[in-house]
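Peer 1: Structure for the following, please:
(chains A and B)
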Amino acid sequence: MTIIVLLVIVAALAFWFIGGYNSLISLKNQVANAWKQIDVQLKRRHDLIPNLVNTVKGAMNFERDTLEAVVQARNQAIAVEKQGATVAQTAAVEAQLTGALSRLLAVVEAYPDLKATGNVAQLQEELTSTENRISFARQLYNDTATQYNTKQQQFPINLIAGAAGASVVELWEITDVAERAVPAVDLSMGSPPRRA
Amino acid sequence: MSEEDASVNLFAQQEANRRRSRWLVLGFILFFAWLGFGGDWIAYQLTAGNPPREYHHVVPWFGLLMMAIAAGIAAWIWRTGADRVLWSAGAQEVTTPSSPEEAQLANVVEEMAIASGVPKPRCWIVPDDDPNAFATGHDQQHAHIAVTRGLLRLCSRDELQAVIAHEMGHVKNLDVQLMTLLAGLVGAIALISDGLARVLRGGVRFGGGGGRSSGGGKKGAGNPLVLIVIALWFISWLLAPLITRVLALAVSRKREYLADAMSAQFTRNPGSLASALEKIEGAHAPTSAIKKGSAHLCIADPLGRRINESESWLSDRLATHPPMAIRIARLRAMGYQEQKRSGAFIASPTV
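Peer 2: Predicted coordinates:
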């Protein structure tokens, strides 16, 4: 009788272990996948910038600083990420790029002639979309990472976190003050500014 | 913790939708089986009293045939239901965006695919001036999102994003599977019963006298059980379109609230869906491109029926969509809570 009870307990524990282990692994892979999504979108942004700069360069001779800041931020971001940066480092350089880009877009807004060119409007839409994609990818990453972190720290799953090779992952924090202020700038095409 | 709850809910919702889809197909086939084998039984009773030389209905051909037809229809709808829905709405796929509007739509769909973590669905445009949108498809990998031209014209980028996020919610929790299946079955039954009604009307006029003159039928028809079954059998033929339609209605009301909430989760901006819904509600002309059979797929009732505006018991059963005013109010409340949590009210004077 006691043997049966013991067997049942052992079986229940084994099932619980397998379930917990698998859910941790699945979350871990989801986090990795979400991170890859961010990578794809960052790459897209880096590729888009030379195109954008070339298009507006001629018409914006007197805004050289703004353009140069964008190019510089982009090159720095690429250089840092090539060395295999941490989440925080990547976040920091990309935040700078975001800030530089939003200043450029604000400047473009100020030149109606420039905006009227079909090419620029199209690029502006592409850039708006890229910025959105990055922020949505970041949102998905942070949500998934938080879920993963919470799961592995909660009792009793924390007992098997070691066995599943789970460790707390870094969130993508918005560190730059300039980027926090970005929503105040109207980047979208003709939509009303968001209410505070 | 709340995020984990959400993921558990999502998983439960997906499972519930898969289960309901299977039950729906099973119910559809069983209903056809009843129609078929019921007919066989009646025919068996009617021919049982015939002299040995005359025809006896022993092998239930009718039932077997109906089951095969039902299984065939269900399999066909299961596989091509989404194409049927898109085709009936006259939707055109956006493969290479040819105008800024289309480019924006393609971008927004891509963005929402990222936000929801679902593969990018194919996007379609319905040439109709009334603003509306729907999602259809078989699963997350084979999903379609369609919007009308009117929606593209009327909504700002943020609002379009919110509407697409709502449809993405339907895709993510697999509402699309159940709702597309239902649209297909409603269509199939309506078609069959229309056709049958026509045949029966012609047939009764044609063969009315002949049936009565045959002596063999009289013995079977005297049995009250046979009469009851015959009555039930005819009633179920007549009620079939009605039953499937009520099913379609019952299934879609709660889903809209859920998809609204998912939209807010993806965009983190419930206010933009609220203002999109206000615009859609304001336009409120019937979306003529979308037929009755697929009305329950849309973000707002394409037929503009009044019953959707109330929350009574009856409308709970007969309306496809929850009242717009309540949806908007809920979204506005979400936006308010979001702002309160992020401290926007305290921070705004200083920033």
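Peer 1: Secondary structure element for residue 15, which one?
Peer 2: In the absence of a named chain, this looks at chain A. Assigned by DSSP states H and E, residue A:15 belongs to helix A:2-57.
Peer 1: Please refer instead to chain B.
Peer 2: helix B:2-48.
Peer 1: any idea how far that helix is from the chain center?
Peer 2: 15 Å (Cα atoms, centre = their mean, to the nearest Å).
Peer 1: likewise stretch B:79-91?
Peer 2: That offset, for stretch B:79-91, works out to 12 Å (Cα atoms, centre = their mean).
Peer 1: circling back: for the record, mean pLDDT for the helix holding residue B:15?
Peer 2: Mean per-residue pLDDT for helix B:2-48: 78.
Peer 1: same question, stretch A:2-22
Peer 2: The model assigns stretch A:2-22 a mean pLDDT of 92.
Peer 1: and what of stretch A:86-98?
Peer 2: 85.
Peer 1: So which bits of that stretch are buried?
Peer 2: A:87, A:90, A:91, A:92, A:93, A:94, A:95, A:96, A:97, A:98 (16 or more other Cβ atoms under 10 Å in any protein chain shown). From N, CA and C alone the C-beta is placed, and that goes for glycine too.
Peer 1: quick one, phi psi at residue B:180?
Peer 2: phi -70, psi -40 (degrees, to the nearest 10).
Peer 1: Roughly how far does it sit from residue A:148?
Peer 2: 33 Å (Cβ to Cβ, to the nearest Å).
Peer 1: Check residue B:103 too.
Peer 2: Taking Cβ to Cβ, one finds residue B:103 at 35 Å from residue A:148.
Peer 1: between these two, which one's more packed in?
Peer 2: residue A:148 (24 against 17; other Cβ atoms under 10 Å in any protein chain shown).
Peer 1: Okay, and that one sits in which element?
Peer 2: helix A:118-153.
Peer 1: Is there a neighbour count for the spatially closest residue to residue B:40 that is not a sequence neighbour? I'd like the number.
Peer 2: Spatial nearest neighbour of residue B:40, chain neighbours left out: residue B:60 (3.8 Å); criterion: Cβ to Cβ, 6 or more residues apart in numbering or on different chains. By other Cβ under 10 Å, the residues close to residue B:60 number 18.
Peer 1: ok, the residue nearest in space to the middle of chain A - contacts?
Peer 2: Among the residues of chain A, the one closest to the centroid is residue A:138, at 2.9 Å (Cα atoms, centre = their mean). Each residue near residue A:138 by Cβ atoms under 8 Å, 6 or more residues apart in numbering or on different chains is listed here: A:38, A:172.
Peer 1: Quick one: low-confidence residue ranges for chain A.
Peer 2: A:59-62, A:117-118, A:175-196 (pLDDT under 70).
Peer 1: swap in chain B?
Peer 2: Those would be B:1-9, B:200-222, B:248-252, B:284-285, B:292, B:304-319, B:341-351, if you go by pLDDT under 70 across chain B.
Peer 1: Now do the helices in it.
Peer 2: B:2-48, B:61-89, B:100-116, B:149-154, B:157-172, B:175-213, B:216-221, B:224-267, B:270-283, B:313-318, B:324-342, B:344-347 (DSSP state H).
Peer 1: circling back to that earlier point, can you check what angle separates the helix holding residue B:15 from helix A:2-57?
Peer 2: 110 degrees (axes from the mean of the first three to the mean of the last three Cα atoms, to 10 degrees).
Peer 1: Run through the neighbouring helices and strands of helix B:2-48.
Peer 2: helix A:118-153, helix B:61-89, helix B:175-213, helix B:216-221, helix B:224-267 (3 or more Cβ pairs under 8 Å, 6 or more residues apart in numbering or on different chains; DSSP states H and E).
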